[in-house]
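1. Okay, here's the prediction I keep looking at, along with the sequence it came from:
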Amino acid sequence: MAKDRICLITNDVETTSILNHKLRDKTGEYVLAQGMPRLLDLYDKYGVKATFFYTGHIAQLFPEVVKMAYERGHEVGSHGLTHEVAQAFDVLSPEEQLSHLKQSKQILEDIIGEEVVSFRAPAARVDKGFSSIMREAGFKVDSSVSSQRFDMMFSFGALKKLHWITAPRKAYFVREDNIFRKGDSSVLEAPISAMGFPYIGTFMRIAPWLNRATRRMLYWETLCNGRQFVFLTHPNEFIDEDREGGKIERRASNYIAYLLGDVLRHKLKVKNLGEKALPIYEHELAFFQKKGFEFITCKDLYQKTCLNHARLYPENVSDPA
């Protein structure tokens, strides 16, 4: 029997300046004027319905950056309140996590007038017990896990991301006490695609040929077991912004983490930024269109998964609406 061919295009929207390696409000202006329009036009061309995860910070600064995606039929999701490293979800207390989730959700719902049900943590940083807090905050879908991704030493929160190594590869309902394991919670995890290397916009720009090889391996897996593609990118990867002077901002607490997570990571991430990234990205979208994939949102995936689960276990599943 033919396996489903499903692709989730997900976009993290924030004020991070990749070129200047720091958060700055001015970058939000570039995201509004360049990044979002360029992506939205590209998605229209390929019939993509995507999910955009917004930090509360950029949503409050530029509400139009949220409205422009929503009005073109895309899903609006939460990316937390802020992308500040010191405010990452895996370092906040459970009470702070819940507060951040509720505040970010409310900010977005006030802008679009519709419930927000999907979430991705900034830098994909969550801890094991995060699933119960998400459920309490009213979220139904998370996409912060990247199963079998091995480059976590170049990012912050690397130790907790080691849980990715043994996480399920296909979308799964999580355990109430462990977001990295299957369970019977109402929260669905949509893992970001990876096979050793991540299948994300940053890697696509740094090493396009290696990214295509990763995508081909992931495609063969999908043909075998119906695993969903979940691609992650950012509108700020498609902007041409101004360069500020000065040294690389140090965000890491120790020197090794500074060299890997700040200096080396920055040197890699600036490759093929801005308009140069568009044809590389278009090549990826054209692949999925040619292979007959259906582009759906995180919310769509939740509804599909609930319906499929109801068919298999009708006595155990309530109405997903």
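-> On my side now, so go ahead.
2. just the helices in this protein please.
-> Using DSSP state H, the helices of the chain run over 25-30, 36-46, 56-61, 63-70, 94-112, 130-137, 201-206, 208-225, 255-257, 265-269, 277-290, 298-312.
3. And the longest one, how far out from the chain middle?
-> I take that to be helix 94-112. Relative to its parent chain, helix 94-112 has a centroid offset of 17 Å by C-alpha atoms, centre = their mean, to the nearest Å.
4. ok, and what's touching that helix?
-> 54-56, 59-60, 63, 66-67, 70, 76-81, 87, 89, 92, 115-116, 119, 129-130, 133-134, 136-139 (C-beta atoms under 8 Å, 6 or more residues apart in numbering). In short, each C-beta sits where N, CA and C put it, glycine included.
5. follow-up on the earlier one: where among the helices of the chain is average confidence lowest?
-> Lowest mean pLDDT within these: helix 255-257, a mean of 51.
6. Distance of residue 304 relative to residue 188?
-> 10 Å (C-beta to C-beta, to the nearest Å).
7. Which of those two has more residues huddled nearby?
-> Between residue 304 and residue 188, counting by other C-beta atoms under 10 Å, residue 188 is the more crowded of the two (26 against 18).
8. I figured the more buried one hits residue 168, correct?
-> No: counting by C-beta atoms under 8 Å, residue 188 does not reach residue 168; the two are 11.4 Å apart.
9. right, and the helices of the chain - which one's nearest residue 239?
-> Minimum separation from residue 239 across the helices of the chain (C-beta to C-beta) falls at helix 25-30, 4.1 Å.
10. Give me the buried positions along the closest one.
-> For helix 25-30, burial by neighbour count (16 or more other C-beta atoms under 10 Å) applies to 27-30.
11. Which elements pack onto that helix?
-> Contacts defined by 3 or more C-beta pairs under 8 Å, 6 or more residues apart in numbering; DSSP states H and E place helix 25-30 against strand 16-17, helix 56-61.
12. is it true that residue 185 touches residue 178?
-> No: counting by C-beta under 8 Å, residue 185 does not reach residue 178; the two are 9.4 Å apart.
13. hey, what's in contact with both of these two?
-> With C-beta under 8 Å, 6+ apart, residue 185 and residue 178 have common neighbours residue 131.
14. what's the distance between the residue nearest to residue 67 when sequence neighbours are not counted and residue 60?
-> With C-beta to C-beta, 6 or more residues apart in numbering as the criterion, residue 67 has its nearest non-adjacent residue at 6.5 Å, and that residue is residue 111. Residue 111 is 9 Å from residue 60, where distance means C-beta to C-beta.
15. Have a look at the two and say which one is more surrounded.
-> residue 111 (19 against 16).
16. ok, residue 78 touching residue 115?
-> No: contact criterion C-beta under 8 Å: residue 78 and residue 115 do not qualify, at 11.2 Å.
17. which of those two has more neighbours?
-> Taking other C-beta under 10 Å, residue 78 and residue 115 do not tie; residue 78 has more neighbours (29 against 13).
18. what about residue 61, neighbour count?
-> Residues within reach of residue 61, counting by other C-beta under 10 Å, total 16.
19. try residue 239
-> Counted by other C-beta under 10 Å, the residues lying close to residue 239 total 24.
20. distance of the residue lying closest to it once chain neighbours are set aside from residue 275?
-> Residue nearest to residue 239 in three dimensions, not counting chain neighbours: residue 30, with 4.1 Å by C-beta to C-beta, 6+ apart. Here residue 30 is placed at a distance of 12 Å from residue 275 (C-beta to C-beta).
21. Common neighbours of those two, please.
-> Both residue 30 and residue 275 are in contact with residue 240, where contact means C-beta under 8 Å, 6+ apart.
22. pLDDT below threshold where in the stretch 101-250 of the chain?
-> Applying pLDDT under 70 to the stretch 101-250 of the chain picks out residues 152-160, 245-250.
23. So which residues of it form strands?
-> Along the stretch 101-250 of the chain, counting by DSSP state E, counting those that start in this stretch, strands occupy 118-119, 141-142, 172-175, 178-182, 188-189, 194-195, 197-198, 229-233.
24. Now render those as JSON lines, adding distance to residue 96.
-> JSON lines is the format used below for the strands of the stretch 101-250 of the chain (distance: least, C-beta to C-beta, whole Å):
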{"stretch": "strand 118-119", "distance to residue 96": "15"}
{"stretch": "strand 141-142", "distance to residue 96": "17"}
{"stretch": "strand 172-175", "distance to residue 96": "21"}
{"stretch": "strand 178-182", "distance to residue 96": "17"}
{"stretch": "strand 188-189", "distance to residue 96": "22"}
{"stretch": "strand 194-195", "distance to residue 96": "28"}
{"stretch": "strand 197-198", "distance to residue 96": "28"}
{"stretch": "strand 229-233", "distance to residue 96": "25"}
